[in-house]
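Enquirer: Next one to model:
(chains A, B, C and D)
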Number of protein chains: 4
Amino acid sequence: MGPFLVITLYPGESEMIKTGIIGASGYTGAELIRLLYHHPMVEISLITSRQYAGEPLSACYPGLGHLGLTFEDHNDEGVLDQAELFFTALPHKASAGIVAKLVAKGKRVIDLSADFRFSEVSVYEEHYEEHPHPELFKEAVYGLTELYGEEVKGAKIVANPGCYPTCSIIPLYPLLKEGLISTNGIIIDAKSGVSGAGRGASQTTHFCEANESIKAYKVAAHRHTPEIEEHLSKASGSPVKVVFTPHLVPMSRGMLATIYATALNGVGRDKVEKTWRDFYNDTPFVEVTPGETLPDTAFVRGTNRCMIAVRENPSTGHLILLSVIDNLAKGASSQAVQNMNKMMGWPQDKGLKVPVLFP
Amino acid sequence: MGPFLVITLYPGESEMIKTGIIGASGYTGAELIRLLYHHPMVEISLITSRQYAGEPLSACYPGLGHLGLTFEDHNDEGVLDQAELFFTALPHKASAGIVAKLVAKGKRVIDLSADFRFSEVSVYEEHYEEHPHPELFKEAVYGLTELYGEEVKGAKIVANPGCYPTCSIIPLYPLLKEGLISTNGIIIDAKSGVSGAGRGASQTTHFCEANESIKAYKVAAHRHTPEIEEHLSKASGSPVKVVFTPHLVPMSRGMLATIYATALNGVGRDKVEKTWRDFYNDTPFVEVTPGETLPDTAFVRGTNRCMIAVRENPSTGHLILLSVIDNLAKGASSQAVQNMNKMMGWPQDKGLKVPVLFP
Amino acid sequence: MGPFLVITLYPGESEMIKTGIIGASGYTGAELIRLLYHHPMVEISLITSRQYAGEPLSACYPGLGHLGLTFEDHNDEGVLDQAELFFTALPHKASAGIVAKLVAKGKRVIDLSADFRFSEVSVYEEHYEEHPHPELFKEAVYGLTELYGEEVKGAKIVANPGCYPTCSIIPLYPLLKEGLISTNGIIIDAKSGVSGAGRGASQTTHFCEANESIKAYKVAAHRHTPEIEEHLSKASGSPVKVVFTPHLVPMSRGMLATIYATALNGVGRDKVEKTWRDFYNDTPFVEVTPGETLPDTAFVRGTNRCMIAVRENPSTGHLILLSVIDNLAKGASSQAVQNMNKMMGWPQDKGLKVPVLFP
Amino acid sequence: MGPFLVITLYPGESEMIKTGIIGASGYTGAELIRLLYHHPMVEISLITSRQYAGEPLSACYPGLGHLGLTFEDHNDEGVLDQAELFFTALPHKASAGIVAKLVAKGKRVIDLSADFRFSEVSVYEEHYEEHPHPELFKEAVYGLTELYGEEVKGAKIVANPGCYPTCSIIPLYPLLKEGLISTNGIIIDAKSGVSGAGRGASQTTHFCEANESIKAYKVAAHRHTPEIEEHLSKASGSPVKVVFTPHLVPMSRGMLATIYATALNGVGRDKVEKTWRDFYNDTPFVEVTPGETLPDTAFVRGTNRCMIAVRENPSTGHLILLSVIDNLAKGASSQAVQNMNKMMGWPQDKGLKVPVLFP
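Expert: Sure, this is the predicted structure:
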């Protein structure tokens, strides 16, 4: 058996797409590099970081040194011309400025910050701060691909959803849309791995503080709450308010949302599961956990998948919904790649079919 | 400075109390040994284990070998005569048989199993199995010391509470008793370290399965639910049903309950905190977490303390209660020691004042 | 942009290779499934497990349920005919029997057990037990691909190396071959994640026993010692004896060998690094860690890579070699895939180019 | 049984000793607070921190808030007069200045920094920096209590040893003193939990960087090397040079040293164990691990104990010594308390008898 030959032909597309990652030194940046590197349709032609500009990727991620990439400064002349499609993984507000520049150059952008996640500027400004480019809101599509895939296709700016909203909206959206649960009394008790706090060093992320510890944080005050409420309200057609409590769990990756909702008209497990299966029929990434198994973050580590389940609490009439994702993957970078696939008209699982790394 | 002299006098009590631990090879057994060993009023005169009978404690816990204890078989002649006060740390049902023998010998017993936790045999039998000694139910007191300390004093059998009930009932009891929250819609989302599953090897407790993972288990089906409901109902004077969801967290020790309740009459944080402080005024072990700090299991590791906090969710009228304990300590063995202190008329924090081990 | 078209042509090879995994319920089995599933040249046509025969893969690995695979029993009629190339991931001795059956059917086998790792039956029998098929030793090639790639190409049986030997031999082999270090006084202090102990439940692998713990085990008595010594002796041309001490580290995956050797003739870091670079010039998987960075198991998680480094201890004349791999990947399953690539004449990194999952 | 009465009499000592902790906001400070709080002979009359001066202890350690302590600034007028015995837990160099002030006031000091650990100023200055108070070297005693307990009794300044030196010197000292092992070729491969890096936030201590990772650091360059060599040289009577390699392990506490040494005159396990038992006969804190059990950091967590073991590697003539401590306890704060006990003429295990917290 000798050397082999592969011919890959895309109608009207003779080369791979050049992609750039702005702000590639954080965890979502590293995760984008991991995913894009082996994506068959793209190349990474640019990674930027103010802090590491001019240095090899290995200075920041020694385990990725063999990829041969070098950080550039996104403010340098011509840097933003090096790619066609961009991922911006910067803190909020900083992101909006770059997105504006890129859009002005005719580039398409998937923004992983919170800057374009709301339909109303006022909601953003209430929970974050003054927005430098409100005029771009109308160009942006909320990239929860399973819900808004059609809009994503044509979008100039895709606002990649927050991790908690992704994990929470996926199980709730179809049930509210179909009127299976009450819009009142929805409680989302969410648990996240430490990588959700980013790579910055702080006392919260210190190993000895996070290890052997679980705690809630930003109780009744987390900025993902209005993001969740916007889409649940859209689903139900009326305003939905939720209780949302995030927790920090001693693990690097993974997110679980345990959601409590009041069933309407005696809706039970079967009806909910059928509704989910119908609603998510056309996506390979949402799976109702089979049999009596309950979702576990370890089932989805490193993947773009969301596993969901439901159980009934007959004595009170509650449904308990369980939803797991990898906060850095479906909660950030792999969902960004899924959005890219949608934008480019590729199959949405292109480059995303690698199974879970377990254990 | 030469050798020193300590004279300790207890009126009517010239010697230390002899205590025995039945079923000392599990984690709660080891934790009892740790606590009783440096308790100034007792000595450990007996530890038993069927599996390790005749072997030194080091065969089971090498780190405790220097204590010089040896396992005996509780069925051997005379073994149950070696102590005055007993802790039984056996699986449910197995425990009831030994407790019956001990009571027949006039011994006092603190039972860490579920066998005497319910006031009604029927509730036990519905959730566990047929009870071999229903006649002893009337002798048993539920040892949530902060609530039932007076009854504990005179009890022959103290049923040491479950870990989840301890963590959940402490914050809820005073609020229900005072009518500050609705008896409907109470949701307890609880998170436990792996030691709660015991020392037995299983796939669930395998390091690689529990590490980098969070998952719910026994959703709407955990046997601690009726135990919680009994005491909440007692507090409110009417039947209370709760939604209770336990989760497994990748840490060895620690338990957090995040509890959602509907405030009545506009009750808010101040009123709740004042109620707690008044109610738990006479115990050194329940603390309202000061300032804006939220409870963290790392604050109570290895101690008998329970730290609680409350936050408001104004848009829905919910109160969010947070409660942390060490599942093996206040959730099991140190609460058992607290009960012993009560039974013996000693200060309830005798031998329990060691601060948290952190980190 | 419409649907796309991919034409893949392999001269003389119009279909993907069918592969089978015998004993797919353990961690190395799951890792093989992960890697083979997205390998572009193969399909998984068979997975077996005595325990799970007839059940879907999800019964054992819920996170892999979406792959749609079902366990079979390798003893059932015709099962071993369902693939062309086999991976055997069974305990030692059990493995040899199946390998013999497969070879008799003309199949090619990559055996992940220890059964064919030694050149001498007597060494195997001294450290393991009586070997049921000594006649097959001559058919087997030791699959440390970087060293024996040419022999692997034509082999019927490839004995996939142990994890500790892989991690230890890679840095040492070239130095002994070139006579840069003494054959005396080589000390290998190795540290492994818990997955190295397999998926079986035991007290050692219990989360609460392995967590917050580090310990040595099988000191001066581990069966990987003779495996290491055989290949180091081959490198140096004279018998090499080592001190080998394995340790268990509270992490799921990863292996680090810290190796102490006496430099000959003033050999230092530069010479060692140059020797390594020359020797491993033709493999994409061995990398000298650049600059002052030291190898970290987190740099190679989930990959087939081995990162190595060397430092000098001038006051004693020692070289300190550091080597990291993922024990389940390069230490087992991804090396098996690399061997498959060699056997089939494909590029050795086919299907193995996915970068590290970090964090 | 009514209230009890305890009368404690110390000849010539009618009150508890007042102790102060300078630099109490770090992990060793918190550990000192934990240990001194329940020590029966002392009270904590002062804790200081520049950063937290004026704030309650709970601002820094919420789990210790109930102790009712408040930070002061050690530079404030009169602060250093509030105690008789001081623990200084500051960074090196900063510590020496305070120690000088305290000694000038006639106070006794246990210094947890490196500032007074060497007998020669020149060695300190080679490995650290210029020393501000070389004149105090003659007042300081190296507080490895088991070796220098007699000198500690009368010392004004006790230099509390480093964690790695404590863990390494204890097993090696008697063997070198008795001439059982060669002074050449001693290799110390040490593994530490993350708390050894202190409480300061850094990328190294970030949960996601330390978790699922093991790596060496400061290879052949750690400043504890000369500290170890000084005392091994003292033991053997001739200069000893070692290879010392520290590693970072994903756990909060614990330290293991795996030590390789060449046996002289056929010395084996029995002789080594007997030598250890004889040498450490008068200390309750050094234990030869019984039977075939190997030391595990989990056996000593939170205690002042050091567990040691030895195994033979016949094919090379090496002895493998294993030694575990808790890096924050015997490696820092509980050893400081042991030194205080020695200084005060109290039993050395006063306040230190609490068994291991496990799991």
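Enquirer: Give me the contacts around stretch A:28-37.
Expert: A:19, A:21, A:23-24, A:42-44, A:47, A:49, A:57, A:60-61, A:64, A:67, A:69, A:87, A:89, A:112, A:328-329, A:332-334, A:336-337, A:351-352, C:353-358 (C-beta atoms under 8 Å, 6 or more residues apart in numbering or on different chains). No exception for glycine: its C-beta is placed from N, CA and C like everyone else's.
Enquirer: can I see the domain layout of chain A?
Expert: Domains of chain A are assigned by automatic domain parsing as A:17-161+A:332-344, A:163-327.
Enquirer: start to end distance for the shortest one?
Expert: When you say that, I think you mean domain A:17-161+A:332-344. 9 Å (C-alpha to C-alpha, to the nearest Å).
Enquirer: Looking at it now, give me its mean pLDDT.
Expert: Here domain A:17-161+A:332-344 scores 97 as its mean pLDDT.
Enquirer: can you check stretch A:306-326 too?
Expert: For stretch A:306-326, the mean confidence score works out to 97.
Enquirer: near chain B at all, it?
Expert: Yes: applying C-beta under 8 Å from any C-beta of the partner chain, one finds stretch A:306-326 touching chain B at A:Arg311, A:Glu312, A:Asn313, A:Pro314, A:Ser315, A:Thr316, A:His318, A:Ile320, A:Leu322, A:Val324.
Enquirer: Buried ones among those?
Expert: A:Arg311, A:Glu312, A:Asn313, A:Thr316, A:His318, A:Ile320, A:Leu322, A:Val324 (16 or more other C-beta atoms under 10 Å in any protein chain shown).
Enquirer: now the fifth one: how far from A:Glu312?
Expert: Remark: distance between A:His318 and A:Glu312 (C-beta to C-beta, to the nearest Å) = 8 Å.
Enquirer: residues shared between the contacts of those two?
Expert: Common neighbours of A:His318 and A:Glu312 (C-beta under 8 Å, 6+ apart) are A:Ala263.
Enquirer: Now do the buried residues in stretch A:211-219.
Expert: Buried-residue list, stretch A:211-219, by 16+ other C-beta under 10 Å: A:Asn211, A:Glu212, A:Ser213, A:Ile214, A:Lys215, A:Ala216, A:Val219.
Enquirer: ok, now stretch A:333-349?
Expert: Buried, per 16+ other C-beta under 10 Å, within stretch A:333-349: A:333-344, A:346, A:348.
Enquirer: Equivalent analysis for stretch A:26-42, please.
Expert: A:26-37, A:39, A:41-42.
Enquirer: repeat for stretch A:219-227
Expert: Buried, per 16+ other C-beta under 10 Å, within stretch A:219-227: A:Val219, A:Ala220, A:His222, A:Arg223, A:His224, A:Thr225, A:Pro226, A:Glu227.
Enquirer: Test my guess that the last one contacts A:Arg117.
Expert: Right, A:Glu227. Yes: the pair A:Glu227 / A:Arg117 is scored as a contact, 5.5 Å apart, by C-beta atoms under 8 Å.
Enquirer: shared neighbours of these two, anything?
Expert: By C-beta under 8 Å, 6+ apart, the residues touching both A:Glu227 and A:Arg117 are A:Pro161, A:Gly162, A:Pro165.
Enquirer: Compare the residues you listed and tell me which has the most neighbours.
Expert: Compared across the shared contacts of A:Glu227 and A:Arg117, A:Pro161 has the highest neighbour count, 31 neighbours, by other C-beta atoms under 10 Å in any protein chain shown.
Enquirer: Parallel or antiparallel, list what pairs with the helix or strand A:Gly20 falls within.
Expert: Assigned by DSSP states H and E, A:Gly20 belongs to strand A:17-22. Paired with strand A:17-22 in the same sheet, following DSSP bridges, are strand A:42-48 (parallel), strand A:85-88 (parallel).
Enquirer: Please identify the deepest-packed of those.
Expert: strand A:85-88 (a mean of 26; mean count of other C-beta atoms under 10 Å in any protein chain shown).
Enquirer: what about that strand, distance to the chain center?
Expert: 14 Å (C-alpha atoms, centre = their mean, to the nearest Å).
Enquirer: so after it, what's the next helix or strand?
Expert: helix A:94-104.
Enquirer: which other residues reach the helix or strand following that next one?
Expert: Of the helices and strands lying after helix A:94-104 in sequence (DSSP H and E), the nearest is strand A:108-111. Identification of contacts with strand A:108-111 by C-beta under 8 Å, 6+ apart yields A:84-88, A:95, A:99, A:102-103, A:140, A:143, A:155-160, A:336, A:339-340, A:343.
Enquirer: what lines up beside strand A:108-111 in the sheet?
Expert: Assessed with DSSP bridges, strand A:108-111 is paired to strand A:85-88 (parallel), strand A:157-159 (parallel).
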